[in-house]
Structures are given as structure tokens and as C-alpha cells.
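J.: Here is a sequence together with a model predicted from it:
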Amino acid sequence: MNQVRTAAIGLGARGYSMLHALLLHMDNVRITAVCDLYEDRLSRAADAVEKVYGEGGRPFASTDYKEVLDRDDVDAVLIMSAWESHFPIAYYAMERGIAVGMEVGGAYSIDDCWQLVRTYERTKTPFMLLENCCYGEAEMSVMHMVKLGLFGDVVHCEGGYRHDLRDEIIFGKENRHYRLRNYLTRNCENYPTHELGPIAQILDINRGNRFLSLVSVASKSAGLNQFAVDHPNANQELATAKFAQGDVVTTVIKCARGETITLHLDTSLPRPYSRGFTIQGTKGMYQEDTRSFFIDADMGGKEHWDWSPEWNNQVKYFEKYRHPVWVDYLANGIRGGHGGMDGLVYNEFIECVRLGKPCPIDVYDGAAWMAVTALSEESIAKGGAPVAFPDFTSGAWCAYSVEE
């Protein structure tokens, strides 16, 4: 198979940008079908495909994902639609033997995660969670350094989705964005995988380790109401609306090998962007927010109480320990948005389908990472009570020999 015949479902801001800026310029992809609930998005996407492919290259277009997935010219589907639709589309595609690349978001129930796993185990249809942050330069380079032993025994990790999304949420009705309805009705760690995915890979989750339990607590909700008050052009009903989603959600996860993970969701207060990626081990640590490493063996007798002179030292460490994938990527040219992460994750999925290789972020990873949302919702509702993680591998996590 030289090209993977691919359907793109969900053509809003994320989906259209992936189609227009990346997918249509990948030699191993052929977009044969597009799908969105909105006709204007659908026609814009079909026009973009035809413009690149030329006469005869216009894709099949439908507002019904089942019509798209019932076709015989679709080998793979990219699910880039609203969070609520991810699982139903994935089930339908997998039942038809169509490889699934699913964009990120949390699960609405643990039953959804189990159904995803069981559908895969019954159909053996390839599945990959398209978590682009697992392919970030910092995340991959730190993982490489961990595997080389530079951090010693990793003890604790932190991460977050700390992203001021007030404008996107408050103007969700005008922009037809799904976040607004979710923030009005749910209180949970609604977007855990950006920060958790790289950490899970570093900690060998599902490959010799697993998540055991979590606790989550949520602050009050005030930021979105204030944003609406401060912006008279916003729907003023939202100035007094009762948002279920707390402004800051903190989640702590305990792992089978003893490590702990702290996650932060912080999207409805003013703040700079950060994923707060932090890895602490017995020999050193990395902190994204200061762009710095603290490696015990390299401190040369410097006082540990003042780390600030070492801030921004990640460049010299990356030059020495950059992950081999990124060494090649920088040499051959970065593709796609988010600093190149998008190009790596999408190409990985397509190549796995094209060559029949196992997907590196598989259905068990997807289920475990996305389950955080449903479990956090339960924990928050119970006042921060501990909630047990299901073992989606049914014990198979114990049998792995860990390799990079």
C-alpha cells in the first residue's frame, strides 16, 4: 500500500487545520472522504482537497459519518470531531475494519473505555490515540534521558493543561465549539492526555507498570463568569450562568511501582500557556516551566538551594541527549503544527496502517489515559474520594519487558 485511503471526520478548527496544512501534503495519505455536521465546513474541506488533488480528486462528502465509513475506499479514519462523538465513531469504524486514528479528549464513562478495548480485541482493527505531545522535542528527549539512567529511579511526575481558553469557551455558541456545553455540565479533568501521555510512557504504564488509583478536587468556578462580564459582546447570559466545571482541577494518581503523578487542569483563568511537564528522580529532574534540568552529577558542587542560574539550560542537554527521532526530524525538516509534533504523530499512525505495524499509542493506552476524565468526575463528585483504575490490559501489563 503506497497511500492510505483516509477519511477525515470533524472539520472545525483542529480538523481543518490538520487537513489543509498537513494531511494534503503527506505523500502516504489520500483523502477520499470528508465529514462534518456543518455544511459550510464540509464544502470548505472538500474544496481544499480538490484544489490540491486536481480534477477528479474531490472527496466524497457527507454530514453522516456512517455513510463515510460504509464506503469501500476508506482504509483509515481520522476522528477530529467533538469529544462526545469520538467513541461512537471509533466503534463503528473498528467494526468495519477501518483503522482508527482518534484525536485526544477524555472519556465520558469507564464503559466507553471498556467497549473500545473489547471492540479492538474482537476485531483486531488498528487503533491509535493521536496524542501529539508524546512526540514533543522536550518530552521525547527527557524520556530518552530517563531510559539512559540520567534521572535514576523516577519517583514523581507532574503535568498540566494550563491554557487560557476563556475566549474559546465563552464564544463557543458563536464558534460552534463543544467546550462550552462541556464546561456548563461537567466537572472533571476534561483534557488529561496532553500531560499524561508522555508521563505514562516514561513510567512504562501498561508495559510493566499501571495506574492504581486517583483522587481529584476542583476549585469553584468563577473565571468564565468574570470573562463574560468583562466582554460586553459576549452572551451576557453566561455572566450569571452556573458553570459546573471548576476553574482549577488537581488530580493525583498512584502507580503500581510506587510513583505518583500530579495533573492540573487550568483553562478558565488568566495565565500563560504551560503543560508543566516535570520529572523527578533520585539523580535529577526536569522542569518545563524553567526549561531546565537539575542533574545531580552535573552540579559540580554548586549550592542546590539556588537553581536559578541553571534555568534555560535545556538547550545544552538537548544537544547532547536529544531523542534520535528528533535528531532525524531536525535534519530532514519539521512538518506540521505545534512545533512539529503534529507531523510526527500523524505520520506515525499512517505508516503503522500502511506497513501493518502495531500502533505505539494503542487501545490500552488510550483507554487508560482517557479514563482519567470519567474517574476524576466521580472523585470530585465524592468530595475528593479515591477511585480505583480499571486494568484495561486484564493483567497483561505485568508481562512486558521494558525497552525504549
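T.: Perfect, I can see it now.
J.: List the contacts of Pro232.
T.: Not one residue lies near Pro232 by CB atoms under 8 Å, 6 or more residues apart in numbering. From N, CA and C alone the C-beta is placed, and that goes for glycine too.
J.: Mind jotting down where the helices sit in the stretch 151-300 of the chain?
T.: According to DSSP state H, counting those that start in this stretch, the stretch 151-300 of the chain carries its helices in the segments 166-170, 172-175, 179-185, 193-202, 223-230.
J.: To Gly340, which of the ones you listed lies closest?
T.: Nearest to Gly340, of all those, is helix 193-202, at 14.9 Å by CB to CB.
J.: for the closest one, packing partners?
T.: Contact partners of helix 193-202 among helices and strands, from 3 or more CB pairs under 8 Å, 6 or more residues apart in numbering; DSSP states H and E: helix 137-147, strand 154-162, strand 260-266, helix 363-381.
J.: and the longest one, which residues are buried?
T.: Looking back up the chat, that one is helix 363-381. For helix 363-381, the buried set under the neighbour-count rule, 16 or more other CB atoms under 10 Å, comprises 363-380.
J.: Toward the C-terminus from it, list the very next helix or strand.
T.: Once the chain leaves helix 363-381, the next helix or strand it forms, by DSSP states H and E, is strand 387-388.
J.: from the chain's centre, how far out does the helix or strand bottoming out on mean pLDDT in the chain sit?
T.: Averaged element by element with mean pLDDT, DSSP states H and E, the chain has its least confident helix or strand at helix 324-332 (a mean of 91). For helix 324-332, the separation from the chain centroid amounts to 22 Å (computed by CA atoms, centre = their mean, to the nearest Å).
J.: May I see the buried residues of the helix or strand that comes right after that helix?
T.: Moving toward the C-terminus from helix 324-332, the first helix or strand encountered (DSSP H and E) is helix 341-355. By 16+ other CB under 10 Å, the buried positions in helix 341-355 come out as 341-350, 352-354.
J.: How about stretch 216-226?
T.: Residues of stretch 216-226 classed as buried by neighbour count (16+ other CB under 10 Å): Ser216, Ala218, Ser221, Gly223, Leu224, Asn225.
J.: for the residues you listed, which one is nearest Arg322?
T.: Closest approach between these and Arg322, by CB to CB: Ser216, at 34.7 Å.
J.: now the closest one: how far from Thr267?
T.: 15 Å (CB to CB, to the nearest Å).
J.: Next: Glu39.
T.: For Glu39, the distance to Thr267 - CB to CB - is 30 Å.
J.: how much space is there between Gly343 and Met1?
T.: Gly343 sits at a distance of 20 Å from Met1 (criterion: CB to CB).
J.: Output the buried residues of helix 341-355 as a markdown table; include the columns pLDDT.
T.: Converted to a markdown table, the buried residues of helix 341-355 look like this (pLDDT from 0 to 100):
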| residue | pLDDT |
| --- | --- |
| Met341 | 93 |
| Asp342 | 95 |
| Gly343 | 95 |
| Leu344 | 96 |
| Val345 | 97 |
| Tyr346 | 97 |
| Asn347 | 96 |
| Glu348 | 97 |
| Phe349 | 98 |
| Ile350 | 98 |
| Cys352 | 98 |
| Val353 | 98 |
| Arg354 | 98 |
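J.: Report the two members of the residues you listed separated by the largest distance.
T.: With distances taken as CB to CB, the most widely separated pair in the buried residues of helix 341-355 is Met341 and Arg354, at 20.3 Å.
J.: Comparing Glu39 and Thr267, which residue is more hemmed in?
T.: Neighbour totals were compared for Glu39 and Thr267, and Thr267 leads with 24 against 10 (other CB atoms under 10 Å).
J.: Settle this for me: that one is touching Arg162, isn't it.
T.: Yes - using CB atoms under 8 Å, Thr267 is in contact with Arg162, at 7.5 Å.
J.: quick one: the spatially closest residue to Tyr38 that is not a sequence neighbour and Asp36, what's the gap?
T.: In this structure, Tyr38 finds its nearest non-sequential neighbour in Arg176, 6.6 Å apart by CB to CB, 6 or more residues apart in numbering. Remark: distance between Arg176 and Asp36 (CB to CB) = 10 Å.
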